[in-house]
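Novice: Coordinates for the following, if possible.
(chains A, B, C and D)
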There are 2 protein chains.
Amino acid sequence: MSRQLTEDDLAAFKARLCDVAEGMFAERGADNVSMRQIAAALGVSPMTPYRYFANREEILAAVRIRGFERFAALLEDAYAATPGDAAQKSAAAGYAYVDFALANANTYRLMFGEHQQDDGSDAPLGRAVARARATLSVYGDGLIRSGMAEAEARAMEGLIWSTLHGAVTLELAGTTPPGSARETLRLLGRFASRG
Amino acid sequence: MSRQLTEDDLAAFKARLCDVAEGMFAERGADNVSMRQIAAALGVSPMTPYRYFANREEILAAVRIRGFERFAALLEDAYAATPGDAAQKSAAAGYAYVDFALANANTYRLMFGEHQQDDGSDAPLGRAVARARATLSVYGDGLIRSGMAEAEARAMEGLIWSTLHGAVTLELAGTTPPGSARETLRLLGRFASRG
DNA sequence: GCCTTGGGTTTACACTGTAAATTTACACTG
DNA sequence: CAGTGTAAATTTACAGTGTAAACCCAAGGC
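Specialist: Take a look at the predicted model:
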């Protein structure tokens, strides 16, 4: 043990822990994974993680942020990689959204699940969410360019986001049958393309 | 204590327990309420509830069903009590939906939160959900009467439900600012009225 | 060489859901 | 009316949780 923990050592351990935890959360859901289990998976004693994270919630927060970043990157890629006009690109991002949520159910639940209400102070999380939302924002920008009022366009974004999120969570909860979310998205696309 | 527990006694205790539990859940969230706390609030020893419910999850399930019934009744009332055409009545039901969810955040979370995946066998819950959805279905019926294809109309229902649910959960999670859900609903209403 | 200091571990505590053992109190029998 | 069987309720117990506090031990500085 080096006498003092480097900033890098610290970050490295945090990253390793998040990697491991993320996998375990994805596999069996965040609240079926205990601190002791994470520690064991790291080959470290139960209390060691507490030297790097204040408590369990801080680990969840870190994994949540990583989830949002992976999510955002995916949406950006889908948008960028799809040929055609902005509407087509946005539609592709929408499908990427649904696919991510369904393929990473537990991660998605962790990301959007009920967590300590951030009193606006959780800046990193806020930024990660904003980045994920930005791809959607591009769609709103398009609406504005084509003459829609700003407020209207942003509200439209909100509606689309709500619909995506709602469709996905209902399907994840088993309330609506499999395939419903994609179906809903298809219908939403038809509305959006009509303006 | 009567020698044998009457069917009524049994139902009565269950009801009383659900009443109490529902209140505690509403106040501080279902998973901040322990079995021991519920028992204490009932003035009964910690293990007594287990004579009436197999386990904690069964209590949650019961409260969930009651939530859906209260919710369904509210939507039905809003629909019935609103004058005007079907669209106006449906819109009122939509606002009732959002208001219920925001006013009963923890109950709503419990109702739609991640719970033991019902392998289709949880009939009472299924019925309660169906009843809540029925008011929405009336709207779909209207669409069909005015010439829309059945599948299309049901998909439309699904889209509306998704949007309501999504808007509400995003606001409850603090991801979107207060008032967003109602705003989204307003916009949705404008789309729906245009067909 | 000691001495400090901080990373890591061990121990300990209050809490959880619930299985199992035990007590209690009634309805019925003799 | 005493005694008994039995179901309701309670008590006890256990394995697990998050985490506070005490402890141990090696890598510096003196």
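Novice: going forward, measure contacts between C-alpha atoms and count neighbours the same way
Specialist: Will do.
Novice: which residues touch A:G43?
Specialist: Residues in contact with A:G43, defined by Cα atoms under 8 Å, 6 or more residues apart in numbering or on different chains, are absent; none qualify.
Novice: okay, it: pLDDT?
Specialist: The predicted local distance difference test score for A:G43 is 96.
Novice: Got phi/psi on it?
Specialist: According to degrees, to the nearest 10, the main-chain angles of A:G43 amount to phi 70, psi 40.
Novice: list the contacts for A:P177?
Specialist: Per Cα under 8 Å, 6+ apart, neighbours of A:P177: A:E171.
Novice: Next one: it from DNA strand C, what distance?
Specialist: For A:P177, the distance to DNA strand C (Cα to the nearest atom of the strand, to the nearest Å) stands at 28 Å.
Novice: May I see the buried residues of the helix or strand encompassing A:R66?
Specialist: Assignment of secondary structure by DSSP states H and E places A:R66 within helix A:56-81. Of the residues in helix A:56-81, those buried by neighbour count under the rule 16 or more other Cα atoms under 10 Å in any protein chain shown are A:59-69, A:71-72, A:74-79.
Novice: anything in it near DNA strand D?
Specialist: Yes - contact between helix A:56-81 and DNA strand D is present through A:56-57 (criterion: Cα under 7 Å from any atom of the strand).
Novice: Just confirm yes or no for that helix near chain B.
Specialist: No - no part of helix A:56-81 sits close enough to chain B to count as contact by Cα under 8 Å from any Cα of the partner chain; the gap is at least 12.5 Å.
Novice: can you tell me if that helix touches DNA strand C.
Specialist: No - with Cα under 7 Å from any atom of the strand as the threshold, helix A:56-81 lies outside contact range of DNA strand C, at a closest distance of 14.4 Å.
Novice: Show the average pLDDT along the following helix or strand past that helix.
Specialist: Downstream of helix A:56-81, the next assigned helix or strand under DSSP H and E is helix A:86-103. With pLDDT averaged residue by residue, helix A:86-103 scores 96.
Novice: Same question for stretch A:176-186.
Specialist: Confidence for stretch A:176-186, expressed as mean pLDDT, is 96.
Novice: nearest residue to the residue nearest the centre of chain A other than its sequence neighbours?
Specialist: Among the residues of chain A, the smallest C-alpha distance to the mean C-alpha position (Cα atoms, centre = their mean) belongs to A:F68, namely 3.3 Å. Spatial nearest neighbour of A:F68, excluding adjacent residues (Cα to Cα, 6 or more residues apart in numbering or on different chains): A:A128 at 5.6 Å.
Novice: check contacts around that neighbour.
Specialist: Here A:A128 is in contact with A:65, A:68-69, A:72 (Cα under 8 Å, 6+ apart).
Novice: mind giving me JSON lines with the residues you listed and columns for pLDDT?
Specialist: As requested, the contacts of A:A128 are arranged in JSON lines below (pLDDT from 0 to 100):
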{"residue": "A:I65", "pLDDT": "96"}
{"residue": "A:F68", "pLDDT": "96"}
{"residue": "A:E69", "pLDDT": "96"}
{"residue": "A:A72", "pLDDT": "97"}
